[in-house]
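> Here is a sequence with its predicted model. Questions after.
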Amino acid sequence: MTDSTDPLSREIEGPSPRQMLKARALSHWGLIFGMAVVGLLLLVAIFAPLLAPHDPYAQSLMKRMVPPVFMGGTWEHPLGTDHLGRDYLSRLIYGARVSLLIGAVAALISGFIGTAMGVAAGYFGGKVDAVVTFLINVRLAMPVVLVALAVVAILGGSLTVVICVLGLLLWDRFAVVMRASTLQISRRDYVAAAQVIGASTPRIVLTEIMPNVFNNLIVIVTLEMAHAILLEAALSFLGLGVQPPIPSWGLMVSEGKNMMLFEPWLVLIPGAVLFALVLAINLMGDGLRDVTAPEGRS
């Protein structure tokens, strides 16, 4: 019998799946960069009260439109102040909380709805699949931005309304991907074996199907999180999203657009941070797809 602790036997057996996953993750620069940026902004959002140099709501008309330090300003306000004299860096830091909260919660709500519908359609088929497919087609025929604008205009703009509207509108991609993945998995031998031995439907779904579609689910969560953040910024820019004085990156861009030709940093700073966050989330999602399912890489 071969000793499993023998170095030669370990070399013959090769690396374990966990070691291979770790090696692929550490060699994927997009995943590392995306996780680093998202992790940094997450820490900034969590510790915003400790990191913000000023109260993001405090106004001082005597200090309005102070330029950032790299344009001749002072270190008292490193990124300057807005048209009401509020510290721009502090509002930027607190704005990370709003963007990450809306992106994460909206993705969770839409993910729960879309995953439940997609798995049900793929596993049961028949009339259930027909009904879910019809609902997906109806949802795809509805323009997200216009529907969101109409609903928010009727109900009024607020943080809760924006989260609920986006969560109830962004489930279609989850449903499509989970339906296709479940259709493939439900035909596998181990699912048939579980059915033969009398396993219940919830047990088959939770123990046989969900673990095998989890990597696809994670990728869609990251993509829809970035989508929700962009939609929130668009709604706030149009004045129908998060309402003042709550700091939001889209709202900061909207407030600075009138002075864009004279003070471009009012738009460029929140726009650059928003771009970096969305890019990082997309890179993280692509990296997770490549690492967890390398055979699906193009």
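Yep, it's here.
> ranges for the strands of this protein?
Remark: no strands are assigned in the chain by DSSP state E.
> By residue count, which helix of it is the longest?
In the chain, ranked by residue count with DSSP state H as the criterion, the top helix is helix 88-124.
> which strands and helices sit next to it?
Packing contacts for helix 88-124, counted by 3 or more C-beta pairs under 8 Å, 6 or more residues apart in numbering; DSSP states H and E, involve helix 29-46, helix 48-51, helix 126-140, helix 159-169, helix 172-185, helix 210-237, helix 249-256, helix 265-292. C-beta coordinates here come from the backbone N, C-alpha and C atoms, glycine included.
> In a markdown table: those helices, plus distance to residue 118.
Compiled in a markdown table, the helices and strands packed on helix 88-124 are given as follows (distance: least, C-beta to C-beta, whole Å):
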| stretch | distance to residue 118 |
| --- | --- |
| helix 29-46 | 25 |
| helix 48-51 | 36 |
| helix 126-140 | 7 |
| helix 159-169 | 16 |
| helix 172-185 | 3 |
| helix 210-237 | 9 |
| helix 249-256 | 30 |
| helix 265-292 | 17 |
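> For those, give me CSV that also has distance to residue 79, mean pLDDT and mean neighbour count.
As requested, the helices and strands packed on helix 88-124 are exported to CSV (distance: least, C-beta to C-beta, whole Å; pLDDT from 0 to 100; neighbours: other C-beta atoms under 10 Å):
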stretch, distance to residue 79, mean pLDDT, mean neighbour count
helix 29-46, 13, 91, 16
helix 48-51, 13, 92, 13
helix 126-140, 40, 92, 14
helix 159-169, 24, 90, 20
helix 172-185, 35, 92, 21
helix 210-237, 18, 88, 21
helix 249-256, 11, 88, 24
helix 265-292, 6, 89, 20
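> who touches the most centrally placed residue in the chain in this structure?
Nearest residue to the geometric centre of the chain (C-alpha atoms, centre = their mean): residue 225, 2.0 Å. Neighbouring residues of residue 225 by C-beta atoms under 8 Å, 6 or more residues apart in numbering: 103, 104, 106, 107, 281.
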